[in-house]
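A.B. asks: Provided below are the primary sequence and the corresponding predicted coordinates.
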Amino acid sequence: MPPSRTLRALAGYEHPTQLAVCPECAGYALDIAAQGNRYGFRCQTCRAHWDWRPGEGWPPVRSPGS
Ligand SMILES: [Zn+2]
């Protein structure tokens, strides 16, 4: 699936895309890959990676610098 379709699917979800921030550094530069009904995320800034499924809570975002 091309990345643009993945992003559109996320944007159409009930939660806005802006919640897609890195839990580690609160960065927005993320690589997103659909994996079945899950999404794999990788932060381009700090290289943290995690996955998320619609309906799950987003991982807690650390405050930058803490
Ligand atoms: Zn990060």
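C.D. replies: Okay, I see it.
A.B. asks: Okay, helices next: where are they in this protein?
C.D. replies: In the chain, the helices defined using DSSP state H lie at 3-11.
A.B. asks: which bits of it sit near the ion?
C.D. replies: Counting by C-beta under 5 Å from the ion, the chain comes close to the ion at 22, 24-25, 27, 43, 45-46, 48. No exception for glycine: its C-beta is placed from N, CA and C like everyone else's.
A.B. asks: Now, of those, which are buried?
C.D. replies: With burial judged by 16 or more other C-beta atoms under 10 Å, the buried subset of the residues of the chain next to the ion is 22, 24-25, 27, 43, 48.
A.B. asks: Next step: those residues restricted to strands.
C.D. replies: C43 (DSSP state E).
A.B. asks: before we move on, back to that, can you redo the residues of the chain next to the ion as TSV with pLDDT?
C.D. replies: Converted to TSV, the residues of the chain next to the ion look like this (pLDDT from 0 to 100):
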residue	pLDDT
C22	93
E24	94
C25	94
G27	91
C43	96
T45	96
C46	96
A48	96
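A.B. asks: closest to A34 among those?
C.D. replies: Proximity of the residues of the chain next to the ion to A34 (C-beta to C-beta) peaks at C43, which lies at 17.2 Å.
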